[in-house]
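J.: coords below, sequence missing:
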């Protein structure tokens, strides 16, 4: 069993939802990202989604769009992101999922990226614009390497699409709380959590809910019913509004700790 | 009643691929909507009533068929027999309306209550706003802030037609970013919103829908050149941004193996500098839901395109063009901003036609084609749009050119 699945099992055994924290690699810098990942892990994050910035993040709202732009403007590359993972591994065993868009993966080469990611200490991949129909070129090398793959299920997904996603899931299934982009404010989270719980028997893996979860109160609503809670844009905003790296690390520690408390049932 | 959908060569309707290009690379939220759209389009396209309604609109509202005009003075100048397929004479002044009337009619049939679109030069935005006014549907258009500036007349036209125009401030503030923002809107409002894509790009089924709706250009041109000239052309030429007018023009001649198909991309400031020529100087990647040629960095970030013409200022291209390039059925070349400006002036003075800057690229390619393939060829050019929208850009560029030469 991979570290991602273990993290969900451990959270379930402790009667809480697993807390998944998204960070955009390279915002404000790759050095800072190493410290931020470790800080999030030490403060109660069970899984890290490490965002690989992309020039055209069509599934993301303003917060992550701008973080991606800042990161790319500083010259972040896939190799730089893998190096962050390598450096985190000297200090933490927290499961890390690379989270991003398909083109940088395609450009790097799926098989080569999976090999390099595994060597760096990555645990799995989540690719927002890679539906099950197109996922084989990435999923096959991931399976061969024993790394996880996290498919997305949306409120619009049909039964047959849910089954397709479930067949690919290795680690968890990411349930998108609403039709929209990341960081949107109009998610009805208690209903989303119920849909995630109903999805659980069909998913073949734990189900985490993301999109529109910003505060400990939001997290509590979702954690009551779902296996996992994903927080991204709120973390990215906390980092962006901090005046320096030390205070961004402090801000992430505080927010993650409060979210972790809220994930207890 | 059933009509037939003749699938394009090498097209797989299950995967939405032209050869190895195309497909669907979008957020899961949109996948069911793309399935629904595919089914709805195939059913509508096979429904003779839908086709008859569309044909009547194309005739009475759009003004089809558009003429095929024998450009005698231009012919003498370039050393070829040049025939212009006058899409600039279609309602709203460009070929874009062929697609929007069809797609908005489809939106209505699907029961959608709101239409969104992206636009570069503003021609697709105007055409979508026009079709929405015709069918009484609310319309919102996403347009890069840079394009809002350089295509101001089209922004005013869209607003007069009742559309709301959103100036997109992210990224390069051009067509690519407008499409990103339209996709974000669609993923949010997918239950009631129809996304009217303007180019032969995007996830399946858009490249199929747009090529079928634009294929009227090539079908008409083929019949007209046979009637007027008494033979098929040697060459069909069209400009390529995303590639909708080109794919429409090429579609009519794909099976005529002796007819050369030549697409003309924007070389911008030159292929070693900033340009918008992914087929000529790009690599294969995934942007806006499809695998196709793309301008990108070594790290897979999409590069900013540049063209003096907003409609060609796009780093990607429709997947069928990538396939036609790969198989060799079509060839692609690129002309610079400067060459396009010269061609703009040339067509104005020789034929009394102000072409769009996009279209000017196709005109600018004619001497290169004659140089390569010899004099005396019969060439059909897709004159995709009129240039009134470009007057400010052209005047500024010509003033700059005059200042440089002094």
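T.: Nice, I can see it. From a predicted model like this one, the values you see are computed outputs, not experimental measurements.
J.: so residue B:165 sits right up against residue B:143, yeah?
T.: Yes: with contact defined as Cβ atoms under 8 Å, residue B:165 counts as touching residue B:143 (5.8 Å). Every residue, glycine included, has its C-beta placed from N, CA and C.
J.: Can you report how many residues lie near whatever residue of the stretch 201-350 of chain B ends up closest to chain A?
T.: Closest contact between the stretch 201-350 of chain B and chain A, by Cβ to the nearest Cβ, is at residue B:300 (3.1 Å). Neighbour count for residue B:300, taken as other Cβ atoms under 10 Å in any protein chain shown: 24.
J.: what sits against it?
T.: Neighbour list for residue B:300: A:54, A:78, A:103-108, B:285 [criterion: Cβ atoms under 8 Å, 6 or more residues apart in numbering or on different chains].
J.: residues from chain A in reach of chain B?
T.: A:54-59, A:61, A:65, A:69, A:72, A:77-78, A:102-108, A:128-131, A:133-134, A:151-158, A:161, A:165, A:176, A:179-181, A:184 (Cβ under 8 Å from any Cβ of the partner chain).
J.: Report the buried residues of stretch B:78-88.
T.: Residues B:78, B:80-88 are the ones in stretch B:78-88 that count as buried (16 or more other Cβ atoms under 10 Å in any protein chain shown).
J.: Which among the residues of chain A next to chain B count as buried?
T.: Those of the residues of chain A next to chain B that meet the buried threshold are A:54-59, A:61, A:65, A:69, A:72, A:77-78, A:102-108, A:128-131, A:133-134, A:151-157, A:161, A:165, A:176, A:179-181, A:184, by 16+ other Cβ under 10 Å.
J.: Give the rounded mean pLDDT of stretch B:98-116.
T.: What stretch B:98-116 shows for mean pLDDT is 98.
J.: neighbours around the residue lying closest to residue A:100 once chain neighbours are set aside, how many?
T.: Nearest residue to residue A:100, sequence neighbours excluded (Cβ to Cβ, 6 or more residues apart in numbering or on different chains): residue A:52, at 3.4 Å. When neighbours are counted by other Cβ under 10 Å, residue A:52 registers 27.
J.: residues in contact with residue A:52?
T.: Listed by Cβ under 8 Å, 6+ apart, the contact set of residue A:52 reads A:25, A:78, A:81, A:98-101, A:104.
J.: is it true that the residue of the stretch 201-350 of chain B closest to chain A lies in a strand?
T.: No: counting by DSSP: H, G, I helix; E, B strand; the rest coil, residue B:300 falls outside a strand, being coil.
J.: The longest strand seen in chain B packs against which elements?
T.: Longest strand of chain B, by residue count under DSSP state E: strand B:260-268. Packing partners of strand B:260-268 (3 or more Cβ pairs under 8 Å, 6 or more residues apart in numbering or on different chains; DSSP states H and E): strand B:235-239, helix B:244-251, helix B:278-281, helix B:319-327, strand B:330-336, helix B:337-351, helix B:357-364.
J.: what's the angle from the longest one to strand B:235-239?
T.: For helix B:337-351 against strand B:235-239, the angle by axes from the mean of the first three to the mean of the last three Cα atoms, to 10 degrees is 120 degrees.
J.: And helix B:337-351, what's buried?
T.: B:337-344, B:346-347, B:350-351.
J.: That one packs against which elements?
T.: Helix B:337-351 packs on helix B:72-78, strand B:260-268, helix B:357-364, helix B:391-405, going by 3+ Cβ pairs under 8 Å, 6+ apart.
J.: need the strands for the stretch 51-200 of chain B, in chain order.
T.: B:68-70, B:81-86, B:114-119, B:139-144, B:164-168, B:193-195 (DSSP state E, counting those that start in this stretch).
J.: more neighbours, residue B:165 and residue B:143?
T.: A direct count of neighbours by other Cβ under 10 Å for residue B:165 and residue B:143 places residue B:143 higher, at 32 against 21.
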